[in-house]
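Peer 1: When you get a sec, could you give me coordinates for this:
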Amino acid sequence: MEIACVIDKCLATPPRPGHAGGPRPGRAALQDPVAAVEATETMLQALEGLGAAVESERSGEAFFATDGLCGLYGGSSRGVVAAAQRVLGKEKAIGIGPTRLHAFLTAGDWPQPVPVAALRTRLGVSEREAGELIEALERLGIETLKAFACLTPDQVADRFGPLGRRALRLCHGEEEPLRSRTPHEELSEEIELPEGTAGRQLDRALELLVDRLLAAPQRKGRTLLGLRLGAHLAAGGSWSVEQGLGRPSASPRVLRNVLALRLEDLPGPARVLRLRAVGLGPPVRDQLELALGGVEPRRRRLGAAVREVRAVQGAEALLKILPVDAASRVPERWAMLTPYPEL
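Peer 2: Next comes the predicted model:
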């Protein structure tokens, strides 16, 4: 099996020996962690569009097996890489190899012989722990992966412990199978905020985002498992927080209630508010519900009617008026149209 590694050079390329001791050009272009997550998600979805089953545990990186795709793209891994390069663009580096580490080294264009510093992001531990291991190896004169791989497991375990053994196994090509994520459709909404938006106006903006997200056609009536609320701050930078729901839900009231509490943590005025679904659950109709009287059955019938109209007429077919700022001197700020809720 051959594995491909894709690296966004603006996000995931660390400083390397032989490259002026610092980050490669472009690394400073996206320091914002929220923007890095968004850019990585875009990259993963592009690869999944090619049919790849993608694993990604770090911003700006992705791994996938090429074997199952060769028949679609010229019969070889090179054809798969060429197809991925066309979709992703030249700013993404792609390498292939029999293991993740080998593919990562190929994509990263590391010098030969490869220094032990290449293990810094491959060990699944904090950067501090990995750095301590690398410094210990270099102090003992073990500066390359080839020299490290020549040590016996007993020697490594005695001097460097379990982390050293893990590093040695990587050098010998011993890795766990790829843990591909479950592909999901992009489901996100954002709204630009007027300058000085705060308090009740911010709550109204959140309500509008929730309504739009639930009305998105690609949701197809499914529930949400989790949400990521984010913002681009007026002073620069960004903020985001993930919110699990405990159980699948598509209730606007439930979503607004849990997100309103997280919105209080917003560190400053925002110019853009964004809401993204991080997982989709079963359709609403598959959920078991306990209800008193006839309220819940009527709500279900109303929700089904709303979905039917939207399926025929489009997402903007049914709207409601959302009061925003009745005291504003600008009539456009008094109210907004927002999708009518399904539940």
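
Peer 1: just the helices in the stretch 51-200 of the chain please.
Peer 2: 77-88, 100-108, 127-139, 145-149, 153-171, 200-215 (DSSP state H, counting those that start in this stretch).

Peer 1: Could you export those as CSV, including mean pLDDT, distance to S180 and mean neighbour count?
Peer 2: Every residue, glycine included, has its C-beta placed from N, CA and C. Putting the helices of the stretch 51-200 of the chain into CSV (pLDDT from 0 to 100; distance: least, CB to CB, whole Å; neighbours: other CB atoms under 10 Å) gives the following:
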stretch, mean pLDDT, distance to S180, mean neighbour count
helix 77-88, 94, 15, 17
helix 100-108, 95, 13, 21
helix 127-139, 95, 24, 15
helix 145-149, 96, 26, 18
helix 153-171, 95, 20, 16
helix 200-215, 86, 26, 20
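
Peer 1: I'd like those helices written out as CSV, with distance to P283 added.
Peer 2: What follows is the helices of the stretch 51-200 of the chain, written out as CSV (distance: least, CB to CB, whole Å):
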stretch, distance to P283
helix 77-88, 31
helix 100-108, 36
helix 127-139, 42
helix 145-149, 50
helix 153-171, 42
helix 200-215, 13
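
Peer 1: E55 is nearest to which of those helices?
Peer 2: Smallest distance to E55 across the helices of the stretch 51-200 of the chain (CB to CB): 8.3 Å, for helix 100-108.

Peer 1: Which residues does the closest one contact?
Peer 2: 3-7, 13, 16, 61, 63, 93-97, 114, 118, 122, 170-171, 173, 175, 178 (CB atoms under 8 Å, 6 or more residues apart in numbering).

Peer 1: can you check stretch 149-167 too?
Peer 2: In contact with stretch 149-167 (CB under 8 Å, 6+ apart) are residues 119, 122-125, 129-130, 133, 136-137, 140, 142, 148, 168, 171-172.

Peer 1: which non-adjacent residue is nearest L187?
Peer 2: Distances taken as CB to CB, 6 or more residues apart in numbering place A277 nearest to L187, at 4.0 Å, with adjacent residues excluded.

Peer 1: now do P113
Peer 2: Computed as CB to CB, 6+ apart, the closest residue to P113 that is not its neighbour in sequence is T144, at 4.2 Å.

Peer 1: isn't the one you found right up against P111?
Peer 2: No: using CB atoms under 8 Å, T144 makes no contact with P111, being 9.8 Å away.

Peer 1: For these two, indicate the residue with more neighbours.
Peer 2: T144 (17 against 12; other CB atoms under 10 Å).

Peer 1: from the contacts of helix 100-108, which ones fall inside strands?
Peer 2: Using DSSP state E, the subset of these located in strands is I3, A4, C5, V6, I7, E61, F63, A93, I94, G95, I96, G97.

Peer 1: By neighbours, which of those wins?
Peer 2: V6 (27 neighbours).

Peer 1: Hmm, it is touching M43, no?
Peer 2: Yes: taking contacts as CB under 8 Å, V6 lies within contact range of M43: 6.8 Å.

Peer 1: Residues that sit against both of the two, list them.
Peer 2: A62, L88, K92.

Peer 1: from the residues you listed, which single one is nearest R200?
Peer 2: Among these, A62 lies closest to R200 (CB to CB), at 41.6 Å.

Peer 1: how many other residues sit next to that closest one?
Peer 2: A62: 27 neighbours (other CB under 10 Å).

Peer 1: For it, which residues count as its bridge partners?
Peer 2: On the basis of DSSP bridges, A62 is bridged to V6.

Peer 1: Show the contacting residues for V254.
Peer 2: Neighbours of V254 in contact, by CB under 8 Å, 6+ apart: L245.

Peer 1: For it, which three-state class applies?
Peer 2: helix (DSSP: H, G, I helix; E, B strand; the rest coil).

Peer 1: Would you mind giving me the confidence score for it?
Peer 2: pLDDT for V254: 89.

Peer 1: show me where pLDDT drops low in this structure?
Peer 2: Within the chain, the ranges that satisfy pLDDT under 70 run 12-34, 184-185, 196, 284-304, 306-317, 320, 322, 324-327, 329-336, 340-343.

Peer 1: And it, split by domain according to the record?
Peer 2: Domain assignment for the chain by automatic domain parsing gives 3-171, 188-339.

Peer 1: most tightly surrounded among these?
Peer 2: Ranked by mean neighbour count under mean count of other CB atoms under 10 Å, these are led by domain 3-171, which reaches a mean of 17.

Peer 1: Next, the distance between the ends of that one.
Peer 2: With CA to CA, to the nearest Å as the measure, the ends of domain 3-171 fall 16 Å from one another.
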